[in-house]
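Peer 1: Below are the sequence and a predicted model; questions follow.
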Amino acid sequence: MTTANPPPPAAKKTFAEAAAQPPATSSASSKAASVPPTTQKKDDSSSAGPLTGPATAQEISFATVLGACSGYTCKKIAKGSALLIGIAFMSLQALAYTGVISINWKKIEDLFVKRLDMDGDGKLSMKDFQVMGYRLVHNLTRSLPSAGGFSAAFFLGFRYG
C-alpha cells in the first residue's frame, strides 16, 4: 500500500505581502492594464475598507496632532461654558434674592436631566457622560486614518490643555 506524500504546507503570508500581491486577472483588470499609466486613475482615498493596511507614521502623526488640538479646544470650550453657566446662575440667584424673580429650580433640573440623559434611565449619571464622550470621539474620528492616535492625543490634549 503506497501513500502519497501530502504537499508541503504553503508559507503563510504577512498582511503586507498579501496586500502587495496583484489581484487575479479578470477582464476589468486587463482593461485597466492596457490603459497607459499616465491616464489611469489613482485611488488615493483614505476611506477605511476591510483590507486596509496599518496606518503610516505620517497618518499617525497627523491624527495625533488633530487629536491633541481637538482635546485642547474641547477643554477650553468646557471651561468657557462653565464660566457662562456660573455667571448665569449667580445672576439668577442675585435676582431671586432681591425678590425680582422667582425660580422653579426643580423644573430647571428636570429639563436639564431630560436633555442630558443619554441612557434613558431618568437620572444623570457617570454613564451618561461616558456615552457623550464616546459619541464625541466617535464622530470626530469618522474616516480618520488613525483613530487610535487621535483618541489618545485627544485625551492628553484635554487633560493637559
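Peer 2: Received, thanks. Numbering: from 1, shown residues only.
Peer 1: roughly how far apart are L116 and L136?
Peer 2: Plainly put, L116 is 13 Å away from L136 if you go by C-beta to C-beta, to the nearest Å. (Each C-beta comes from the backbone N, C-alpha and C, glycine too.)
Peer 1: Over to S61?
Peer 2: Applying C-beta to C-beta, the value for S61 to L136 is 22 Å.
Peer 1: Kindly report the same for G120.
Peer 2: Counting by C-beta to C-beta, the gap from G120 to L136 is 19 Å.
Peer 1: Between the two, tell me which one has more neighbours.
Peer 2: When neighbours are counted by other C-beta atoms under 10 Å, L136 comes out ahead of the other of G120 and L136, with 13 against 6.
Peer 1: show me the residues around the more buried one that make contact.
Peer 2: C74 (C-beta atoms under 8 Å, 6 or more residues apart in numbering).
Peer 1: For it, what are phi and psi?
Peer 2: The phi/psi pair for L136 (degrees, to the nearest 10) reads phi -60, psi -50.
Peer 1: Give me the pLDDT value at it.
Peer 2: As predicted, L136 sits at a pLDDT of 87.
Peer 1: Repeat that for the one 10 residues further on.
Peer 2: S146 carries a pLDDT value of 78.
Peer 1: who's in contact with it?
Peer 2: By C-beta under 8 Å, 6+ apart, the residues touching S146 are A55, E59, I60, F62, A63, T64.
Peer 1: Can you pull the phi and psi angles for it?
Peer 2: phi -130, psi 80.
Peer 1: Need the nearest residue in space to V65, chain neighbours excluded.
Peer 2: A153 (7.3 Å; C-beta to C-beta, 6 or more residues apart in numbering).
Peer 1: isn't that neighbour right next to A63, touching?
Peer 2: Yes. Taking contacts as C-beta atoms under 8 Å, A153 lies within contact range of A63: 7.5 Å.
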